[in-house]
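Colleague: I'll drop the sequence and a predicted model, then ask my questions.
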Amino acid sequence: MKKSHVKVFVRTRPTARVYEGLKIDKDGESITITFPKEESLGFINNQLANLTFKYDGVLENVSQDIVYNICAQEAVDSVLSGYNATIICYGQTGAGKTFTMSGDAHNYAHRGVIPRALHHVFREIDLRTDRLYKVHVSYMEIYNEALYDLLSDKPAASDSLSVLDDASNTVVRGLTKVEVHNEEEALSHFFLGSQGRSTAVNVLNSNSSRSHLLFSLYVEMRTSAEASERALISKLHLVDLAGSERTKKTNASGEQLREASCINKSLTFLEQVVNALARKDTHVPFRQSKLTAALRDALGGNCKTVMIANLWPEAMHVDECVSTLRFASRARCLETEAVVNESDDPGLALHKAERQIRELKQELAMRDMLSGRGRVVYEDLSAGEQLELQHLVTRYLSGTAELDELPVDSLKHIRETYKAFRVVAGAWATAAATGHAGPQQNAASLSGGQGSMLDSDAGGVGDVDTSQGAGFCIGTAPQQARPAASAGAPGHSGGSTGSFASTPRAPGHQQHGQQQQKQQPFGQPADQQVLGFSAGGVSGGVDRNAWFSKYKHSIPQGRRQSDILKQQQQQVAELKQQIKGVGAQVNSSKAQIDTLNAQLEAKKASASAAACHSTGGSTVLDDEEYQLMQQLKAAKVKYRVAFDSLKLLRSGLEPVIDSLAAAKEALITGFDEWWSSQGLVAGSGAGNHQQQQQGQIAAWRAAVADDNVDEDDDIAELDPGEAFDRRDLARKAAGDPSSTAFYAAKKQTAKVLGARSPGAADTRRGL
């Protein structure tokens, strides 16, 4: 287990009024702050002249891309290899912590560490095809020393959240973990959760964070060879701390003053924990606050930790800059012990133990074979084998079996033999106590029981035929075993034997049979009927259908073309099933919208009628009508998502139908060429046979298209808003294709927020 120091980077906020006393050394790792002398203190002045701090890197006027590559990329790569990692942004309010961690949600180039980390993780997952990954995300907020789950349906219910820790891991019980399968889903949850965070406006920051945020990724990785036995689990915590602030600068009052007090208090406890860890104290006060309890692993446990200290390098913020730099220097002294984390899932351990048992049995079998012992059974004995072993022990005790007959070739057999001795001894003791048959009589009954049964059942079915000297006699079947004779059974009419007498059929039945035979020739497959082959089109006694079946099953070219046709038919069937299912969802959503519209109109009509009888004559939106409106919005969002999926499936139907028609045409053309090469002559009706087949294929293709693309009159084209969103997304993705997931997640978040009630965000605090 190798120890490593916490990596600390300093990032300065771009400003036009940079403090002249703040200098960054040429090595890019040191920063010096010079303090001017105060002349009022006199000639003898022991005031501190300057301070120099050294870090892993100092970033000044750099882009978001450079910040991620230098500070976060290595930590994210380690998560994909099974290590835990944490990235923390610390600094005063307005220094750029949220911009560094989250970035600008409206500008893809200015996205922060969290969106870039999600893109990095899922890009690497796509490239590592030899491994299996499963990713979950969670989003937690610490507001006024209370925990809130930003991904929960009821984020205000924070009583169910609690931080639990042990010697090796820290977890938040009750926190929602959502499984995500791609970058777009992860970004959607991040954007949606960010809408519920607590922010406020103050003098220094127009969008000041009033809470600490922890966005976490949980990664489970399995290799293809050990997927059922071994799994690596890791987690990545991306922490955006609330900024420390001085109330005399922000002019906070009321609720903001209470929030500032809680923020400064939790950051003070964080500093105390860092100081205790740096001094290597025996007691570290992790439980003083929810923040330090949640960051226990990141500060001194099993984790690779990176801290980004944000500065606002202006003259009026020099004191805050010095405080931040000192805290970052102490954090750089911390040591963590990061190890690869293996899952302790009992199911994985069980699969591993079963594999090891199989391998050990194979080793034993190989050793027995090489030593010439023959095949030794190491499995548990069945009930029948245990009973047989008890009979053998009984015979041995009675003297009718030798010692060499007892099985002692394996430890399993020796133990089972001891158990059999105990069972037999117990049975004899019980018989002796009750006064029944003694040991010798029990042995005789056990050993000679089969012979007595044979004597009592002599002459039965399957007994040895002693009169003939060899073989078995089958005995005589009883009279009631003979099946009842049927008047219409073959061979019974007229007492004739050796021939089948046919019963004359009614004329109607005979005509019905001829009609069925005319509709479908005997032995003609269904696919030949679809392709339009019939025996009536060929003269001279040549059955074209039989030759077509031979071409498909016996000729290599025909067999290959038939396999291609079957594959195309299966693809069309699967696509039809998908379109049918999504179409049912669209129709269900449309019916729900119609029902809600009718209910809403009826509610409005009743409200208007009630308002006419009232004195004021004005209508008031009640809770029931409000709920109907919200349900209608949610139903429309669901309808649009299903409709987009349906249009996508329908757009892929046409090429599949064309491929199937081409496969049918290729099969028919190949059969015609092979038919001609065989020198078979068709009748007069075969001249237009190919033309008829082409017409039937065209008709079949139209029927399939009409059957699968059953357009609903109520389903309209995209409305202008949706069309604009599609064009806007295509325009933004044209410059950088990797930005598609980012903008698609933003659109999805906007739709979900539009379907929510206006007061949903206010209820997250329960204020």
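Modeller: In hand now; what should we look at? Bear in mind that the values here come from a model prediction, so they are computed numbers and not experimental data. Numbers count the residues shown, from 1 in each chain.
Colleague: what pLDDT, on average, does the helix or strand harbouring Lys638 get?
Modeller: Mapping Lys638 onto the secondary structure by DSSP states H and E places it in helix 623-651. Taken as a whole, helix 623-651 carries a mean pLDDT of 74.
Colleague: for it, name the packing helices and strands.
Modeller: For helix 623-651, the elements it packs on are helix 556-613, helix 740-755, judged by 3 or more C-beta pairs under 8 Å, 6 or more residues apart in numbering; DSSP states H and E. C-betas here are computed from N, CA, C, even on glycine.
Colleague: Serialize those to a markdown table and add fields for mean neighbour count.
Modeller: As requested, the helices and strands packed on helix 623-651 are exported to a markdown table (neighbours: other C-beta atoms under 10 Å):
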| stretch | mean neighbour count |
| --- | --- |
| helix 556-613 | 14 |
| helix 740-755 | 18 |
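Colleague: same list (those) but as CSV, adding mean pLDDT and distance to Thr268.
Modeller: Output for the helices and strands packed on helix 623-651, formatted as CSV (pLDDT from 0 to 100; distance: least, C-beta to C-beta, whole Å):
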stretch, mean pLDDT, distance to Thr268
helix 556-613, 80, 53
helix 740-755, 79, 35
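Colleague: adding distance to Asn169, write those helices out as TSV.
Modeller: Converted to TSV, these look like this (distance: least, C-beta to C-beta, whole Å):
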stretch	distance to Asn169
helix 556-613	41
helix 740-755	30
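Colleague: nearest to Phe671, out of those helices?
Modeller: Among those, helix 556-613 comes nearest to Phe671, with 6.6 Å by C-beta to C-beta.
Colleague: and the closest one, how far out from the chain middle?
Modeller: A distance of 26 Å separates the centroid of the chain from that of helix 556-613, by C-alpha atoms, centre = their mean, to the nearest Å.
Colleague: do the same with stretch 388-405
Modeller: Using C-alpha atoms, centre = their mean, the offset of stretch 388-405 from its chain centre is 59 Å.
Colleague: go through that stretch and flag the buried ones.
Modeller: Across stretch 388-405, burial judged by 16 or more other C-beta atoms under 10 Å covers Leu389, Gln390, His391, Leu392, Val393, Thr394, Arg395, Tyr396, Leu397, Ser398, Ala401.
Colleague: pull it out as CSV, backbone CA atoms only.
Modeller: What follows is stretch 388-405, C-alpha atoms only, in CSV (Å, rounded to 0.1, in the frame of the first residue of the first chain):
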residue,chain,number,x,y,z
GLU,A,388,-26.3,-49.8,-0.8
LEU,A,389,-23.4,-48.9,1.4
GLN,A,390,-25.5,-49.7,4.5
HIS,A,391,-26.3,-53.2,3.0
LEU,A,392,-22.6,-53.8,2.4
VAL,A,393,-21.8,-52.9,6.0
THR,A,394,-24.5,-55.2,7.3
ARG,A,395,-23.1,-58.0,5.2
TYR,A,396,-19.7,-57.3,6.5
LEU,A,397,-20.8,-57.4,10.1
SER,A,398,-22.7,-60.7,9.5
GLY,A,399,-19.6,-62.2,7.9
THR,A,400,-20.9,-62.5,4.3
ALA,A,401,-18.6,-59.7,3.0
GLU,A,402,-14.9,-59.3,3.2
LEU,A,403,-13.0,-56.3,4.5
ASP,A,404,-11.6,-55.5,1.0
GLU,A,405,-15.1,-54.9,-0.3
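Colleague: what's the mean pLDDT across that stretch?
Modeller: So the average pLDDT for stretch 388-405 ends up being 87.
Colleague: so where's the stretch 651-767 of the chain shaky on pLDDT?
Modeller: 679-737, 755-767 (pLDDT under 70).
Colleague: nearest to Trp674 among the buried residues of stretch 388-405?
Modeller: Leu389 (67.6 Å).
Colleague: name the nearest residue to the closest one, ignoring sequence neighbours.
Modeller: Excluding its sequence neighbours, the residue lying closest to Leu389 (C-beta to C-beta, 6 or more residues apart in numbering) is Ala420, at 4.7 Å.
Colleague: give me the neighbour count for the one you found.
Modeller: Neighbour count of Ala420, defined by other C-beta atoms under 10 Å: 23.
Colleague: give me the distance between it and Leu325.
Modeller: 81 Å (C-beta to C-beta, to the nearest Å).
Colleague: stretch 306-325: end-to-end distance?
Modeller: 15 Å (C-alpha to C-alpha, to the nearest Å).
Colleague: list the buried residues of it.
Modeller: 306-314, 317-318, 320-322, 324-325.
Colleague: same check on stretch 129-136?
Modeller: Neighbour-count burial for stretch 129-136 [16+ other C-beta under 10 Å]: Tyr133, Val135, His136.
Colleague: now, the residues you listed that are in strands?
Modeller: Within the buried residues of stretch 129-136, residues falling in strands by DSSP state E are Tyr133, Val135, His136.
Colleague: mind putting those residues in CSV, distance to Thr749 included?
Modeller: Formatted as CSV, these follow (distance: C-beta to C-beta, whole Å):
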residue, distance to Thr749
Tyr133, 24
Val135, 19
His136, 19
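Colleague: hmm, which two among the buried residues of stretch 388-405 are most spread apart?
Modeller: Leu389 and Ser398 (15.1 Å).
Colleague: on that earlier part again, lowest pLDDT pick from the ones in strands among the buried residues of stretch 129-136?
Modeller: Tyr133 (87).
Colleague: what's the burial count for Gln47?
Modeller: Counted with other C-beta under 10 Å, Gln47 comes out at 9.
Colleague: oh, that last question was meant for Ala432, not what I typed.
Modeller: 12.
Colleague: how near is it to Gly426?
Modeller: For Ala432 relative to Gly426 (C-beta to C-beta), the value is 11 Å.
Colleague: just checking, Glu145 touches Lys290?
Modeller: Yes: between Glu145 and Lys290 there is a contact under C-beta atoms under 8 Å: 5.8 Å.
Colleague: shared neighbours, these two?
Modeller: Common contacts of Glu145 and Lys290 (C-beta atoms under 8 Å, 6 or more residues apart in numbering): Ser266.
Colleague: tell me which of those two has more neighbours.
Modeller: For Glu145 versus Lys290, the count of surrounding residues by other C-beta under 10 Å is larger for Lys290: 22 against 12.
Colleague: pLDDT at the more buried one, what is it?
Modeller: In this prediction Lys290 is given a pLDDT of 90.
Colleague: what sits against the residue nearest to it when sequence neighbours are not counted?
Modeller: Excluding the flanking residues, the one nearest Lys290 by C-beta to C-beta, 6+ apart is Ile142, at 5.2 Å. Contacts here follow C-beta under 8 Å, 6+ apart; on that basis Ile142 touches Tyr148, Ser211, His212, Leu213, Leu214, Ser266, Lys290, Leu291, Ala294.
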